[in-house]
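Trainee: what follows is a predicted protein model with its sequence.
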Amino acid sequence: MDMPHLPAQTGTWIRQAIDSAAPGTIAAQVPAGYAAYARILHPAMDEDGAPVSWGSIAALRGHRLQGADLFEDVSGLDEHGDPQQEDAWVDGDVPAYELPIDQWGALVELLSRHTEPGPAAAPYVAGLWGGYAFIEGGERIQIDFEPDPNADAEHNRQAHARALAEAQRPGLPAAVRTAPRLDLGGGYRNYLLFALNREQLANPLWASTAAGEQRQRPSLAFPHDHSWMLSTEPYDDSTILGGSRALIDAVLGSDALEALEVGELTRIGHSA
């Protein structure tokens with residue numbers, strides 16, 4: 001891993017800012033004080049795995065899409081994807097917990113254009129959510145094992161044990177795993193922080209494990225001068241970004257992203 005681990009204090013400014021914000025508001029996730037804010041919606045998926053915008057689903061149901069809408073409001077589905085209304089959108093699956101990699105790349109391109117050059121070779125800070133199983137390894141990770149039909153039971157038992165032990169190895173070094181994390185409250189909102197360059201931010205490689213490359217999108221990110229900050233809460237269907245008016249306008253106008261403007265006091269799930 002060539003992305004240096006950073007101390008939790010690197011993100012203390014976030015915790016200090018959101019601690020005084022009204023619970024449930026945008027400012028309780030991304031600090032108040034930015035010129036503008038956007039909510040970038042993670043697309044749903046149709047039955048073939050192709051992305052579907054919230055706007056197109058809203059149009060099918062005659063729903064007026066608003067910045068505070070939950071996907072349930074738009075689709076008529078519950079949080080598990082089960083229909084709750086007669087006209088519910090049932091032609092695909094609910095949004096993922098992160099932006100698709102191509103949309104994330106488009107977002108990073110816009111962010112980089114609106115970031116002043118910094119003194120460091122890795123001018124961005126990114127947070128990896130501490131709840132990913134690969135970080136600690138262990139019993140949370142299980143594998144599918146195909147026994148060898150030409151081998152005896154003991155051989156297959158040992159082979160399974162070796163494969164499982166390899167899969168359950170921690171993905172990050174002990175010094176990183178045991179370091180204090182940036183705790184933003186709520187029990188599960190804790191993050192490991194790393195220094196990244198632009199290419200790494202666009203497609204980070206946190207670890208290579210038996211399950212393959214771990215390239216989850218960062219759960220939070222900001223540049224050296226804090227001129228913008230983005231946050232994707234665990235299990236959320238959208239990414240919140242605060243920044244300059246020019247940056248937010250660029251995001252809102254991007255053909256690659258579906259984004260809605262929100263304010264510091266917007267409460268997701270409390271549409272007018």
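Mentor: Everything's here; your move.
Trainee: now the end-to-end length of stretch 112-132.
Mentor: 27 Å (Cα to Cα, to the nearest Å).
Trainee: can you pull out the strands in the chain?
Mentor: All strands of the chain, identified by DSSP state E, fall at 5-6, 36-41, 44-46, 51-52, 92-93, 124-129, 182-183, 190-196, 207-209, 212-214, 220-223, 229-231, 238-243, 259-262.
Trainee: for the second one, which helices and strands make contact with it?
Mentor: If I follow you right, that is strand 36-41. Counting contacts by 3 or more Cβ pairs under 8 Å, 6 or more residues apart in numbering; DSSP states H and E, strand 36-41 is packed against strand 238-243, helix 245-252, strand 259-262. All C-beta atoms are positioned from the backbone trio N, CA, C, and that covers glycine.
Trainee: repeat for the third one
Mentor: Using 3+ Cβ pairs under 8 Å, 6+ apart as the contact criterion, the secondary-structure elements in contact with strand 44-46 are strand 51-52, strand 92-93.
Trainee: any idea of the mean pLDDT for stretch 19-29?
Mentor: What stretch 19-29 shows for mean pLDDT is 95.
Trainee: pull out the buried positions in that stretch.
Mentor: Residues of stretch 19-29 classed as buried: 21, 25-29 (neighbour count, 16 or more other Cβ atoms under 10 Å).
Trainee: of these, which belong to helices?
Mentor: Secondary structure assignment by DSSP state H places none of the buried residues of stretch 19-29 in helices.
Trainee: tabulate the residues you listed (a markdown table), appending distance to V262.
Mentor: Listed next are those as a markdown table, based on distance: Cβ to Cβ, whole Å:
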| residue | distance to V262 |
| --- | --- |
| A21 | 14 |
| T25 | 10 |
| I26 | 5 |
| A27 | 10 |
| A28 | 12 |
| Q29 | 10 |
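Trainee: give me the pLDDT for G185.
Mentor: 85.
Trainee: same check, this time on A272
Mentor: 56.
Trainee: what of D2?
Mentor: For D2, pLDDT reads 86.
Trainee: returning to what we had before: just name the most buried of the strands of the chain.
Mentor: A comparison of those by mean neighbour count, using mean count of other Cβ atoms under 10 Å, puts strand 238-243 on top with a mean of 26.
Trainee: packing partners of that strand?
Mentor: Right, strand 238-243 is packed against strand 36-41, strand 229-231, helix 245-252 by 3+ Cβ pairs under 8 Å, 6+ apart.
Trainee: quick one, what contacts I248?
Mentor: Contact analysis of I248 by Cβ atoms under 8 Å, 6 or more residues apart in numbering lists 35-38, 241, 261.
Trainee: ok, it to S227 distance?
Mentor: 12 Å (Cβ to Cβ, to the nearest Å).
Trainee: and what of I57?
Mentor: For I57 relative to S227 (Cβ to Cβ), the value is 34 Å.
Trainee: between those two, which has more neighbouring residues?
Mentor: I57 (22 against 16; other Cβ atoms under 10 Å).
Trainee: hmm, L164 is touching G138, no?
Mentor: No: look at L164 against G138 with Cβ atoms under 8 Å: they stay out of range, at 10.8 Å.
Trainee: so these two - more neighbours on which side?
Mentor: Neighbours were counted for L164 and for G138 using other Cβ under 10 Å; L164 has more, 15 against 10.
Trainee: can you check the pLDDT for the closest residue to that one other than its chain neighbours?
Mentor: Counting by Cβ to Cβ, 6 or more residues apart in numbering, L164 lies nearest to I143, which is 5.7 Å off, once chain neighbours are set aside. For I143, the pLDDT comes out at 90.
Trainee: contacting residues around I143?
Mentor: Here I143 is in contact with 163-164, 167, 210 (Cβ under 8 Å, 6+ apart).
Trainee: relative to R157, how far out is it?
Mentor: For I143, the distance to R157 - Cβ to Cβ - is 14 Å.
Trainee: same check on F194?
Mentor: Taking Cβ to Cβ as the measure, F194 falls 39 Å from R157.
Trainee: before we move on, the earlier item: turn the helices and strands packed on strand 36-41 into a markdown table, including mean pLDDT and distance to Q9.
Mentor: Below are the helices and strands packed on strand 36-41 laid out as a markdown table (pLDDT from 0 to 100; distance: least, Cβ to Cβ, whole Å):
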| stretch | mean pLDDT | distance to Q9 |
| --- | --- | --- |
| strand 238-243 | 98 | 21 |
| helix 245-252 | 98 | 26 |
| strand 259-262 | 98 | 29 |
